[in-house]
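In: turn this into a model:
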Amino acid sequence: MGEKFVYKSYKKGNERLMAIADAAIVGKEFSEKELQINVSENFYHEKECNEKEALKLIKEATIINAVGNNIISIIVNNKIAEKENILYIGEVAHAQIFTL
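Out: Here you go, the predicted model:
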(Lines give C-alpha, C1' and ligand atoms only; values in the text may rest on other atoms or scores of the structure.)
Protein backbone atom coordinates (compact mmCIF):
# COMPACT_ATOMS: atom_id res chain seq x y z
CA MET A 1 0.00 0.00 0.00
CA GLY A 2 2.74 2.49 0.95
CA GLU A 3 0.30 4.90 2.54
CA LYS A 4 1.36 7.28 5.29
CA PHE A 5 -0.67 7.96 8.38
CA VAL A 6 -0.50 10.49 11.16
CA TYR A 7 -1.38 9.80 14.76
CA LYS A 8 -1.48 11.18 18.24
CA SER A 9 -1.78 9.09 21.38
CA TYR A 10 -3.62 10.27 24.48
CA LYS A 11 -3.37 8.48 27.83
CA LYS A 12 -5.52 8.79 30.93
CA GLY A 13 -5.29 6.11 33.59
CA ASN A 14 -5.60 2.73 31.88
CA GLU A 15 -7.20 4.19 28.76
CA ARG A 16 -5.21 4.88 25.62
CA LEU A 17 -6.90 6.86 22.86
CA MET A 18 -5.33 6.58 19.45
CA ALA A 19 -6.31 9.34 17.03
CA ILE A 20 -5.14 8.24 13.58
CA ALA A 21 -5.79 9.52 10.07
CA ASP A 22 -4.64 9.26 6.48
CA ALA A 23 -1.82 11.82 6.21
CA ALA A 24 -3.25 13.19 2.95
CA ILE A 25 -6.45 14.49 4.60
CA VAL A 26 -5.01 16.29 7.63
CA GLY A 27 -6.22 19.88 7.68
CA LYS A 28 -9.33 19.09 5.64
CA GLU A 29 -12.97 19.27 6.66
CA PHE A 30 -15.71 16.96 5.46
CA SER A 31 -19.46 17.29 5.85
CA GLU A 32 -22.69 15.64 4.83
CA LYS A 33 -26.08 16.88 5.98
CA GLU A 34 -25.78 17.50 9.74
CA LEU A 35 -22.49 15.55 10.08
CA GLN A 36 -19.13 17.25 9.97
CA ILE A 37 -15.55 16.25 10.76
CA ASN A 38 -12.47 18.43 10.87
CA VAL A 39 -9.30 16.37 10.52
CA SER A 40 -7.27 18.83 12.55
CA GLU A 41 -3.51 18.65 12.77
CA ASN A 42 -3.77 19.50 16.47
CA PHE A 43 -5.85 16.39 17.27
CA TYR A 44 -4.48 13.82 14.81
CA HIS A 45 -0.89 14.76 13.98
CA GLU A 46 1.93 14.26 16.42
CA LYS A 47 3.90 11.58 14.56
CA GLU A 48 3.82 9.73 11.24
CA CYS A 49 3.75 6.00 10.59
CA ASN A 50 3.34 3.39 7.88
CA GLU A 51 0.67 0.67 7.62
CA LYS A 52 2.51 -1.89 9.76
CA GLU A 53 3.17 0.64 12.53
CA ALA A 54 -0.42 1.93 12.33
CA LEU A 55 -1.83 -1.56 12.84
CA LYS A 56 0.40 -2.13 15.88
CA LEU A 57 -0.64 1.22 17.42
CA ILE A 58 -4.33 0.50 16.81
CA LYS A 59 -4.10 -2.93 18.43
CA GLU A 60 -2.50 -1.39 21.55
CA ALA A 61 -5.22 1.27 21.97
CA THR A 62 -8.35 0.97 24.11
CA ILE A 63 -10.15 3.72 22.16
CA ILE A 64 -9.60 4.44 18.48
CA ASN A 65 -10.68 7.51 16.56
CA ALA A 66 -9.80 6.87 12.93
CA VAL A 67 -10.54 8.88 9.81
CA GLY A 68 -9.58 8.30 6.20
CA ASN A 69 -10.45 5.68 3.64
CA ASN A 70 -7.02 4.01 3.79
CA ILE A 71 -6.78 3.64 7.57
CA ILE A 72 -10.38 2.45 7.73
CA SER A 73 -9.65 -0.19 5.06
CA ILE A 74 -6.82 -1.50 7.26
CA ILE A 75 -9.12 -1.58 10.28
CA VAL A 76 -11.86 -3.44 8.41
CA ASN A 77 -9.47 -5.86 6.66
CA ASN A 78 -7.95 -6.77 10.04
CA LYS A 79 -11.40 -7.29 11.59
CA ILE A 80 -10.98 -4.51 14.16
CA ALA A 81 -14.31 -3.04 13.01
CA GLU A 82 -17.13 -4.29 10.81
CA LYS A 83 -17.70 -2.58 7.47
CA GLU A 84 -21.36 -1.99 8.42
CA ASN A 85 -20.26 0.12 11.41
CA ILE A 86 -18.17 2.57 9.39
CA LEU A 87 -19.59 6.08 9.09
CA TYR A 88 -19.09 8.07 5.90
CA ILE A 89 -19.04 11.83 6.15
CA GLY A 90 -18.97 13.10 2.61
CA GLU A 91 -16.44 10.91 0.85
CA VAL A 92 -14.35 10.10 3.93
CA ALA A 93 -14.67 7.06 6.21
CA HIS A 94 -14.67 7.49 9.99
CA ALA A 95 -14.82 5.07 12.92
CA GLN A 96 -14.75 5.26 16.68
CA ILE A 97 -13.87 1.97 18.34
CA PHE A 98 -13.93 1.08 22.02
CA THR A 99 -12.42 -2.09 23.43
CA LEU A 100 -13.78 -3.66 26.57
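
In: low-confidence ranges in this structure?
Out: 1 (pLDDT under 70).

In: show me where the chain has helices.
Out: 41-44, 51-60, 69-77 (DSSP state H).

In: what's stretch 44-59 in contact with?
Out: Residues outside stretch 44-59 that contact it (C-beta atoms under 8 Å, 6 or more residues apart in numbering): 1-9, 18-21, 23, 26, 64, 66-67, 71, 74-75, 78, 80. Any C-beta I mention is one placed from the backbone N, CA and C, and that applies to glycine too.

In: again, 7 Å this time
Out: 1, 3-8, 18-21, 23, 26, 64, 71, 74-75, 78, 80 (C-beta atoms under 7 Å, 6 or more residues apart in numbering).

In: neighbours around Gly27, how many?
Out: Residues lying near Gly27 (other C-beta atoms under 10 Å) number 11.
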